[in-house]
Each structure stands twice: as structure tokens, then as C-alpha cells.
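>>> Fold the following.
(one chain, ligands or ions: 3)
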Amino acid sequence: MVKAKHFKTRLMASCVAVALSSVANAALVPFVDEFSTSQGAYVDADASGFTGGNTLPTTTTTLPPNVGADAVGGTIGSGDATILGGNRDMFVALAVDPGGAAPASIEVFTSAACPTGCLSFNNQSGSQSRGQVQWDGLNDVVEGTDGRAINYTGLSGVSFDPNGAFKVGVISADFGFRFDITLYTDDTHWTQVSLQSNLHTAFSETTIALAAFSQGFCDLPNAFPANTIPGLGAGWPLTTSFGVVNDINCGSGGAVDLNSIGAMVVDIDPLGETVDIDLRIDYIRTPVPEPGSVALLGAGLLGLFGVGRRFRKLA
Ligand SMILES: [Ca+2]
Ligand SMILES: [Ca+2]
Ligand SMILES: [Ca+2]
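Ligands and ions are numbered 1, 2, ... in the order given. From the prediction side, this is the model:
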């Protein structure tokens with residue numbers, strides 16, 4: 001009798017595990033951007049007037065820098081299911097070009113090297129530039145005709161799983177590059193995690209824990225060691241192929257609320273520091289909690305009670 005009870009408990013535990021893992025799978029929507037919708041190429045051949053990335057949000061009262069008036073870019077998509085918020089805004093700004101003949105470009109395209117589509121960012125020999133991608137919904141009134149401004153609430157409060165992580169698939173990068181991810185709830189509640197990548201000679205997927213965007217990590221001092229953020233602990237590799245966390249900054253009102261995200265912005269080499277970079281990103285994904293997963297959990301529990309009842313009858 002006692003043995004049967006133990007068996008039942010174990011069985012229940014395993015059923016719960018199955019139910020929970022199926023919920024987790026249901027929530028694992030591969031979703032920020034698959035870069036399967038082509039865009040650009042946008043080319044900036046004019047290095048004058050670079051304003052976009054010259055300042056960092058080193059205090060909580062400064063917003064992360066917008067892309068700047070000197071950038072070249074545009075917007076694509078309306079309800080595109082492969083893009084977070086259905087719409088992507090993308091820009092490049094040439095920062096330094098000593099020879100005067102080395103434009104910078106940003107493009108999303110499909111090729112033999114990136115069959116599912118990829119984001120490509122390039123500056124040529126001797127030149128430096130920055131790139132910015134915005135996922136801030138479609139709101140031309142706020143953003144202007146090319147989507148340039150950030151609509152801080154354009155995603156209308158989508159949720160990211162706070163126990164989840166960004167998965168960034170980098171196909172190749174011939175240099176290390178700075179890569180900043182900023183999540184906004186609004187213009188005073190945001191978190192920017194700034195990473196310094198290593199070069200990527202082969203495809204690798206980087207994991208960036210969403211916990212790093214929570215209030216507890218706001219405004220930590222610079223330059224954590226590779227692959228660690230103090231307090232995140234084991235099992236939360238901030239990065240697997242990115243090198244160092246430069247900094248984590250938050251808005252004057254505090255960190256982003258992961259249950260109410262208004263905009264997401266990625267900055268590639270925002271200070272225009274790196275010369276001659278050739279970068280290909282395959283996708284940026286993260287699990288998004290869905291209303292459906294709650295229903296699924298309910299169904300799993302119902303099924304579980306059914307199994308329990310059947311075993312009671314057998315016993
Ligand atoms: Ca937009
Ligand atoms: Ca925008
Ligand atoms: Ca892709």
C-alpha cells in the first residue's frame with residue numbers, strides 16, 4: 001500500500017513535469033525577429049554630422065541615444081508575423097570615413113550564406129559606423145515617415161517571460177562589436193544591457209538572460225567578467241559567445257517592466273568604434289508568454305487528475 005502511494009506520487013510528479021515542459025514549449029515562440037523579411041539595403045556614404053551614438057546613458061536621467069538625424073534607413077512591415085510588433089525600423093550612420101569613399105550599410109536579406117534571412121551590418125576598410133534596429137510597432141504619427149523616432153509604447157505592453165532569455169544567432173562577425181539591447185516600458189522605465197562581443201568565426205547562439213533587465217541589476221558598475229553578472233548565478237549564462245557585459249543602465253523611473261514592453265531597440269557598435277566590421281545575425285528570439293499557455297496548463301492539470309483517478313480505480 002505504501003509502495004503504491006510512492007509510485008503514484010512519482011507518477012504525479014512526472015506528469016506535472018511533462019505538463020510544465022509542454023507549457024514552456026508553448027511559450028517558446030521564436031520571436032523578436034527571424035530576419036526573414038528583407039529590408040534595405042540602406043547605405044550611408046556621408047560621415048559628417050554623426051550624432052547618434054556619441055553619448056551613453058550614463059545617468060538614469062538620460063535616455064539612450066536615438067539614431068540621429070544623420071542616419072539612413074527606413075521602416076518595413078505592418079502586422080508581419082515574423083517581426084515583433086509586426087514592424088521593423090532600421091538605420092545605419094557612417095561615423096568616420098578618412099578616405100571619403102567607404103560607405104556603411106545595413107540590410108536584411110536572404111542568401112546562400114543565410115538561407116532563412118539575416119541582418120547584415122557592414123562598414124568598409126578604414127571606416128566606422130553604427131546601426132540601429134527598432135521594434136516599436138507601427139505608429140507613423142509618433143515615429144515619422146521612416147520610423148526614425150522610437151515609439152516607446154508602440155508594442156502596447158507585450159510580455160517577455162522574465163525567466164526566459166534572448167537567443168541571438170550570429171552567423172559571422174570578423175571583429176568583436178558592441179551590442180546594446182534596450183527594452184522600454186515607456187520613456188522613463190527602460191533597461192539597457194550593453195555587451196561587448198567577441199568575433200564570430202562560425203555560427204553561434206548567444207543567450208542573454210532577461211533577468212538581467214530587472215530592477216536589481218540597474219546601474220551596476222562597468223565591465224563584469226566574461227559570461228557572468230554578479231547575482232544572476234550559475235545556470236544563467238548571460239552570454240555564451242559575447243565577451244563582456246559593459247554596463248546595465250535604467251531609466252529615471254526604473255527598469256523595464258517585462259510584463260509591459262513598449263519597445264525594443266538594438267544598437268550595433270553605437271559609438272562607431274570598430275573599423276571594417278562585417279556582421280551577420282540570423283535571428284533574435286525570446287519566449288513570449290501567451291494566453292494560450294495558461295489554458296494549456298489547465299488542460300494538463302485536468303488530464304493529470306484523470307490519470308490519478310484511473311490509478312485509484314486500479315489500486
Ligand atoms: Ca516602427
Ligand atoms: Ca521607430
Ligand atoms: Ca533568419
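>>> show me what contacts residue 162?
When contacts are counted by CB atoms under 8 Å, 6 or more residues apart in numbering, residue 162 touches 210, 211, 214, 258, 259. All C-beta spots, glycine's among them, are computed from the backbone N, C-alpha and C.
>>> One more pass at 10 Å, please.
Residues touching residue 162, when contacts are defined by CB atoms under 10 Å, 6 or more residues apart in numbering, comprise 209, 210, 211, 213, 214, 257, 258, 259, 289.
>>> ok but it is inside a helix, no?
No. Checked against DSSP: H, G, I helix; E, B strand; the rest coil, residue 162 lies outside a helix; its state is coil.
>>> Dihedrals phi and psi, it?
In this entry, residue 162 is assigned phi and psi values of phi -60, psi -20 (degrees, to the nearest 10).
>>> Near ligand 3, which residues of the stretch 101-250 of the chain are found?
With CB under 5 Å from the ion as the criterion, the stretch 101-250 of the chain comes near ligand 3 at residues 116, 117.
>>> Around ligand 1, pick out the residues from the stretch 101-250 of the chain.
Contacts of the stretch 101-250 of the chain with ligand 1, taken as CB under 5 Å from the ion, map to 136, 147.
>>> before we move on, the earlier item: in the contacts of residue 162, which residue is surrounded by the most others?
Looking at the contacts of residue 162 with neighbours defined as other CB atoms under 10 Å, the largest count falls to residue 213 at 26 neighbours.
>>> So that residue is in contact with residue 254, correct?
No. Look at residue 213 against residue 254 with CB atoms under 10 Å: they stay out of range, at 11.2 Å.
>>> joint contacts of those two?
Contact criterion CB under 10 Å, 6+ apart; residues shared by residue 213 and residue 254: 190, 191.
>>> from memory residue 198 sits against residue 178, does it?
No. The criterion here is CB under 10 Å, and residue 198 misses it with residue 178 at 11.6 Å.
>>> Comparing these two, which residue is more hemmed in?
When neighbours are counted by other CB under 10 Å, residue 198 and residue 178 differ, and residue 178 comes out ahead with 21 against 18.
>>> right, and the more buried one touches residue 268 too?
Yes. The pair residue 178 and residue 268 passes the contact test of CB under 10 Å, sitting 7.5 Å apart.
>>> Chain neighbours aside, what residue packs nearest to residue 124?
In this structure, residue 124 finds its nearest non-sequential neighbour in residue 102, 3.8 Å apart by CB to CB, 6 or more residues apart in numbering.
>>> how close does residue 171 sit to residue 204?
According to CB to CB, to the nearest Å, residue 171 and residue 204 sit 9 Å apart.
>>> actually residue 283, not the one I wrote
Separation of residue 283 from residue 204 (CB to CB) stands at 12 Å.
>>> Overlap in contacts, those two.
Where contact means CB under 10 Å, 6+ apart, the residues bridging residue 283 and residue 204 through contact with each are 168, 169, 170, 171.
>>> Spell out which parts of the chain neighbour ligand 2.
Contact residues, the chain versus ligand 2 (CB under 5 Å from the ion): 89, 134, 136, 143, 147.
>>> Name the weakest-confidence residue in the residues you listed, if you would.
Taking pLDDT as the measure, those have their low point at residue 143 (88).
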